[in-house]
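Peer 1: 3D model of this:
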Amino acid sequence: MKYADLHRIYHQPFFDLLKQARAVHEEHWTGNEVQLCTLLSIKTGGCSEDCGYCAQSARYTTSVQAEKLMEKEDVMERARAARANGSTRFCMGAAWKGVRVGTQKFDQVVDIVKDVSTLGMEVCVTLGQLGSEEARILKEAGVTAYNHNIDTSPEHYPNIVSTHTFDDRLSTIRHAQDAGMSVCCGGILGLGETIEDRLKMLEVLSNFNPHPESVPINALMPMKGTPLGENVQVDAFSLVRMIAVTRIAIPGAKVRLSAGRTNLSREAQALAFFAGANSIFYGDKLLTAANPRANEDLALIQELGLSVQQPFSDVPENEVASSAPSCATACAH
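Peer 2: As a prediction, the model looks like this:
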């Protein structure tokens with residue numbers, strides 16, 4: 001979609017925008033389902049990159065301490081718990097610049113992926129930059145989706161990161177798609193960008209071929225010690241507007257209400273679901289930031305009359321059925 005079209009859509013009256021977004025959502029998504037995704041940091045802190053929003057960068061003094069890669073059994077324990085709580089996607093993040101074939105850390109991650117992929121959930125990883133060979137190996141190991149956000153517009157990107165380029169991001173995304181993985185790719189609001197930057201970011205995303213399978217819309221949670229640690233948080237109406245425009249621009253993608261939900265009221269989250277969000281990160285913590293409690297999410301989903309999306313799976317039906325409680329069952333506990 002062209003920037004001029006996105007600009008026109010975004011700047012229409014709020015209720016007109018919501019009405020248009022809702023119509024697009026209902027055309028492409030039936031059943032009022034919400035995808036539950038669990039995000040686990042399998043390697044926290046100590047990253048060599050200088051992303052200005054990230055508490056995991058080794059360049060900044062923050063509350064995040066560098067840790068080594070988690071042991072496979074510890075990851076599996078968390079993955080099984082996520083499945084038991086109803087998550088249908090398990091995303092593993094590692095604070096690295098990237099991964100390379102032939103290194104111990106890459107081999108360890110591939111080994112973890114192979115085991116997690118047996119649990120009947122979608123397997124998503126975010127490991128930094130990928131080459132074509134690394135992407136192929138991850139796909140063969142069982143990765144179904146690769147997360148690699150573009151964060152903001154091409155023009156604003158150099159103000160946020162200097163240790164890699166916007167084109168580096170696009171190259172990794174292309175390698176992931178060429179290997180047959182779907183791409184989870186979105187952005188962060190609140191990086192000091194303008195509305196125009198947000199729409200230019202969305203213009204890039206909407207012109208991917210194929211489109212991203214899911215688009216996370218994050219609101220910056222300022223982290224003390226980072227260059228953006230004092231930024232003003234994004235207001236709910238701006239966030240909902242971006243969700244609505246994203247739903248219109250990329251109608252077949254899951255639009256994920258991501259970081260920043262702890263600052264949203266239940267009513268604001270309901271508005272985001274109405275505007276087209278149909279996926280959330282689920283669990284008490286994201287990579288380094290707080291997240292609404294799982295029981296609160298399930299209660300809200302139930303109150304709104306939404307349903308939990310059933311798992312993507314190639315495993316036997318009886319195993320899947322036992323692993324993913326219905327919302328009604330989960331909410332009761």
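
Peer 1: Show me what N147 bridges to in the sheet.
Peer 2: Going by DSSP bridges, N147 is paired in beta bridges with C184.

Peer 1: Surely it is in contact with S182?
Peer 2: No. Using C-beta atoms under 8 Å as the test, N147 is too far from S182 to be in contact (10.1 Å). C-beta here means a position set from N, CA and C on the backbone, and glycine is covered the same way.

Peer 1: Wait, a helix at S41?
Peer 2: No. Counting by DSSP: H, G, I helix; E, B strand; the rest coil, one finds S41 to be strand, located in no helix.

Peer 1: Could you give the bridge partners of it?
Peer 2: G93.

Peer 1: just checking, it touches A95?
Peer 2: Yes. Using C-beta under 8 Å, S41 makes contact with A95 at a distance of 7.3 Å.

Peer 1: Looking at these two, which is more packed in?
Peer 2: Shown here are S41 and A95; by other C-beta atoms under 10 Å, A95 has more neighbours (26 against 20).

Peer 1: Give me the distance between the more buried one and K105.
Peer 2: A95 is 11 Å from K105, where distance means C-beta to C-beta, to the nearest Å.

Peer 1: swap in L36?
Peer 2: Separation of L36 from K105 (C-beta to C-beta): 28 Å.

Peer 1: Of these two, which one has the most company?
Peer 2: L36 (27 against 15).

Peer 1: can you give me the helices in the stretch 101-250 of the chain?
Peer 2: 104-116, 132-141, 166-178, 195-206, 236-249 (DSSP state H, counting those that start in this stretch).

Peer 1: which helices and strands does the second one pack with?
Peer 2: Read that as helix 132-141. helix 104-116, helix 166-178 (3 or more C-beta pairs under 8 Å, 6 or more residues apart in numbering; DSSP states H and E).

Peer 1: tell me which residues in that helix are buried?
Peer 2: E134, A135, R136, I137, L138, K139, A141 (16 or more other C-beta atoms under 10 Å).
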